[in-house]
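Novice: Take this sequence and fold it.
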Amino acid sequence: MGHHHHHGHSHSHTDLRGRNLLISILLNILITLAQVVGGLISGSLALLSDALHNFSDVLSLIISYVAQKLGKKQANKHKTFGYKRAEIMAAFVNAATLVVVAIFLMKEAVERLFDTQEIASNLVIWLSVLGIVANGFSVLLLKKDSKENMNMRSAYLHLLTDMMASVAVLIGGILMSLFQLYWVDAVLTMIIGIYLIYMGYDLLKESTKVLMLFTPKSIVIQDIVESICTIEPVKNVHHVHIWQLNEDEVHMEAHVDFKEDIKLSEFDTILEEIEEHVYHKHGINHVNIQPEFDKCDSKSIIVQD
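Specialist: Residues are numbered from 1 along each chain as shown. Sure, this is the predicted structure:
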């Protein structure tokens with residue numbers, strides 16, 4: 001059985017991710033405390049809901065930070081993959097909390113619509129501005145890494161939705177200050193909740209697929225099998241499994257049936273050709289091939305183990 005991997009990591013880059021997450025955590029703790037106090041004083045549900053969302057951000061950022069640190073730990077005899085799935089787990093948990101918090105906010109907003117209360121709008125305005133500035137800075141810190149790492153994307157989405165929520169709270173504060181439209185507070189809370197569900201669903205679905213070992217959607221197994229079968233003396237490729245371990249690694253294992261009883265040295269040459277092909281054309285960087293000759297087993301591409 002042969003295997004191979006292509007890897008490329010930058011420790012300085014992952015350290016920078018950790019630093020940016022830590023700065024975002026401290027900023028969100030500051031925002032949360034300010035908004036809780038301000039929400040209680042002003043009576044603004046939108047501000048309190050934004051504070052609750054900020055608190056969930058603090059927890060999610062801490063989860064992301066811990067997962068990012070765990071992901072760098074080395075594998076051992078008891079954890080042969082190390083903690084490479086930690087960041088995917090963090091992304092799943094963070095996406096789930098986005099949806100749960102959204103449902104809670106929408107419930108509170110519906111209740112407030114039937115019990116409109118006067119709100120100290122000036123305090124709401126100033127605290128929402130604080131939220132926009134602090135979360136905006138955090139969003140800029142995490143934006144680059146969010147494009148290439150699911151864990152960082154989950155943290156980024158929490159912060160982005162928080163910034164958007166603060167913008168909504170600011171608009172509501174201005175409308176309440178100028179026109180005494182206090183029902184706007186509950187309506188904006190509903191809008192924030194809907195937006196959170198919209199943003200969280202895709203990430204929840206994506207992280208679930210990785211945890212369930214689904215084949216990445218960009219990979220077509222039939223195409224890979226057909227291309228490997230063009231290599232001599234490959235007869236058949238079957239019992240294929242392709243899954244994403246984390247953001248950086250896609251694994252493939254398969255049985256390859258040969259037309260003749262080749263030498264081990266010949267197999268090594270063919271294996272190298274397969275590895276280079278699937279890596280450069282399909283992004284698969286860990287290949288595990290079981291060679292076979294005249295073996296009586298199922299030759300189906302997908303075999304239920």
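Novice: biggest helix in the protein, by residue count?
Specialist: If you go by DSSP state H, the chain has its longest helix at helix 11-42.
Novice: Quick check: buried residues in that helix?
Specialist: Within helix 11-42, the residues scored as buried using 16 or more other Cβ atoms under 10 Å are 17, 20-21, 24-25, 27-29, 31-32, 34-36, 38-39, 42. For the C-beta atoms, the positions are set from N, CA and C on the backbone; glycine is no exception.
Novice: Repeat that for stretch 70-83.
Specialist: Neighbour-count burial for stretch 70-83 flags 70-71, 83 (criterion: 16+ other Cβ under 10 Å).
Novice: least trustworthy position among those residues, going by pLDDT?
Specialist: For those, the weakest pLDDT value sits at Gly71, with 78.
Novice: That one and Met152, how far apart?
Specialist: Applying Cβ to Cβ, to the nearest Å, the value for Gly71 to Met152 is 11 Å.
Novice: and if you look at Leu59?
Specialist: In terms of Cβ to Cβ, Leu59 sits 16 Å off from Met152.
Novice: So which of those two has more stuff around it?
Specialist: Higher neighbour count among Leu59 and Met152: Met152, with 25 against 15, using other Cβ atoms under 10 Å.
Novice: Give me the distance between the more buried one and Glu87.
Specialist: Using Cβ to Cβ, Met152 is found at 8 Å from Glu87.
Novice: Equivalent analysis for Trp183, please.
Specialist: 42 Å.
Novice: And for His286?
Specialist: In terms of Cβ to Cβ, His286 sits 17 Å off from Glu87.
Novice: Neighbour count: those two, which is higher?
Specialist: Glu87 (27 against 19).
Novice: Tell me where the chain has helices.
Specialist: Applying DSSP H to the chain gives helices spanning 11-42, 45-70, 86-113, 121-146, 150-179, 184-211, 221-228, 264-282.
Novice: As CSV, these with distance to Asn246 would be great.
Specialist: Formatted as CSV, the helices of the chain follow (distance: least, Cβ to Cβ, whole Å):
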stretch, distance to Asn246
helix 11-42, 12
helix 45-70, 10
helix 86-113, 6
helix 121-146, 14
helix 150-179, 8
helix 184-211, 8
helix 221-228, 20
helix 264-282, 17
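Novice: longest strand in this protein, by residue count?
Specialist: When the chain is parsed with DSSP state E, its longest strand is strand 234-244.
Novice: domain assignment for the protein?
Specialist: 2-211, 221-293 (automatic domain parsing).
Novice: Need the residue closest to the centroid of the protein.
Specialist: Nearest residue to the geometric centre of the chain (Cα atoms, centre = their mean): Met150, 3.1 Å.
Novice: Can you tell me the closest non-neighbouring residue to that one?
Specialist: In this structure, Met150 finds its nearest non-sequential neighbour in Ala91, 4.3 Å apart by Cβ to Cβ, 6 or more residues apart in numbering.
Novice: Against Leu30, how distant is His251?
Specialist: Distance, His251 to Leu30, by Cβ to Cβ: 42 Å.
Novice: give the contact list for the residue nearest to Met163 when sequence neighbours are not counted.
Specialist: Computed as Cβ to Cβ, 6+ apart, the closest residue to Met163 that is not its neighbour in sequence is Asn135, at 3.9 Å. The contact partners of Asn135, taken as Cβ atoms under 8 Å, 6 or more residues apart in numbering, are 27-28, 31, 159-160, 162-163, 166.
Novice: 7 Å - rerun?
Specialist: 31, 159, 162-163, 166 (Cβ atoms under 7 Å, 6 or more residues apart in numbering).
Novice: Between those, which sits nearest Lys259?
Specialist: Minimum distance to Lys259 across the contacts of Asn135 is 56.2 Å, recorded for Leu159 (Cβ to Cβ).
Novice: Near the closest one, how many other residues are there?
Specialist: A count of nearby residues for Leu159, using other Cβ under 10 Å, gives 27.
Novice: That one and Val139 touch, don't they?
Specialist: Yes. Contact criterion Cβ atoms under 7 Å: Leu159 and Val139 qualify, at 5.0 Å.
Novice: Residues touching stretch 151-158, excluding its own?
Specialist: With contact meaning Cβ under 7 Å, 6+ apart, stretch 151-158 is reached by 17, 21, 57, 60-61, 64, 67-68, 87, 90-91, 94-95, 98, 139, 142-143, 145-146, 199, 203.
Novice: and it, what's its mean pLDDT?
Specialist: Mean predicted confidence for stretch 151-158 is 81.
Novice: For it, buried residues please.
Specialist: 151-158.
Novice: now the residues you listed in TSV, with distance to Leu127?
Specialist: Converted to TSV, those look like this (distance: Cβ to Cβ, whole Å):
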residue	distance to Leu127
Asn151	29
Met152	27
Arg153	27
Ser154	25
Ala155	22
Tyr156	23
Leu157	22
His158	19
